[in-house]
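Trainee: Mind folding the following:
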Amino acid sequence: MPSIYQLKPRFQNLLRPLVRRLYERGVSANQVTLAAAVVSVLLGALVAAFASHAWPFALIPLWMFLRMALNAIDGMLACEFGQQSRLGAYLNELCDVIADSALFLPFALVPGVTPLAVVGVTLLAVIVEYAGVMGPLAGAGRRYDGPMGKSDRAFCFGVLGAGVAGGLLPGAWIDGLLALIAALLLWTLANRVRQGIAEAERNHPPA
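Mentor: Predicted structure coming up:
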C-alpha cells in the first residue's frame, strides 16, 4: 500500500551527514526523541491557546516537516551508531503518540470544525500505532503499513494547518477531510493486522 513511509530511505540518505555530526557532538537518539516530543507538546499548547487566530496553524506544517526529520534522525542514531536501548524503544513509541495527539487536538478548536471528528481521528491514530506495536506479540515485526501511517498523518495535518492558516479551508471542508483521514486510518488498521498475521504465519509455519 503506497505510503510516505516508503520514501524514508531516500530521506535518511539526505540526513546522514547531519546525523554523523550530531553523533560526533555527543547527541543521543533518546535526546532527539524527547526533544521532538517536548516541542510538539509546547507547540500544540501554543496553537490551542491561540486557536481563535489562523496564524498559529502555519506553525503546524513547518514543525511536521522538522519532526519527520527528527524522527528519522533518532532512528538513524539508534540503528547506525549503536544507541539502541530498551528505554529508547519505549520513548520512540510513546513520544510519537503523545506528539501526534498534541498536534492534532488543537484542530478541534478551529471555528466550524466538529471537535468529535478531531478526537475520533486522534484516537484512531493511537489505535493504529498500537496495532503496529502489537506485531512482535503475534510473532511478526513492528508493522508500519499504510496508507495512513505516521508520516502520512504528518503530511495530512500539515496540509490542514496550512489550509487553516491561509483561510482556504472552512470548517465543513475540514470535517470532510477528517472523515477521509478516519477512513484511511481504519484501512491502515486492517492492513497492519492482516499483514502482521501473514508475517507471523510466514515466520512460524504450522508444523
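Trainee: drop to CA atoms for contacts and neighbour counts, all remaining ones
Mentor: Noted.
Trainee: what stretches of this protein score poorly on pLDDT?
Mentor: 1-5, 207 (pLDDT under 70).
Trainee: hey, which helix is longest across it?
Mentor: Secondary structure of the chain per DSSP state H: the longest helix is helix 171-203.
Trainee: Can you name every helix or strand that it contacts?
Mentor: On a contact count with 3 or more Cα pairs under 8 Å, 6 or more residues apart in numbering; DSSP states H and E, helix 171-203 meets helix 115-133.
Trainee: how close does the residue nearest the centre of the chain get to M64?
Mentor: The centre of the chain sits closest to K150, judged by Cα atoms, centre = their mean, with a distance of 3.1 Å. Note on K150: its distance to M64, by Cα to Cα, to the nearest Å, is 11 Å.
Trainee: Over to P205?
Mentor: From P205 over to M64 the distance is 41 Å, taken as Cα to Cα.
Trainee: More neighbours: the two, which one.
Mentor: When neighbours are counted by other Cα atoms under 10 Å, P205 and M64 differ, and M64 comes out ahead with 23 against 8.
Trainee: contacting residues around that one?
Mentor: 154-155, 158 (Cα atoms under 8 Å, 6 or more residues apart in numbering).
Trainee: from those, which ones fall inside helices?
Mentor: By the criterion of DSSP H, membership of these in helices covers 154-155, 158.
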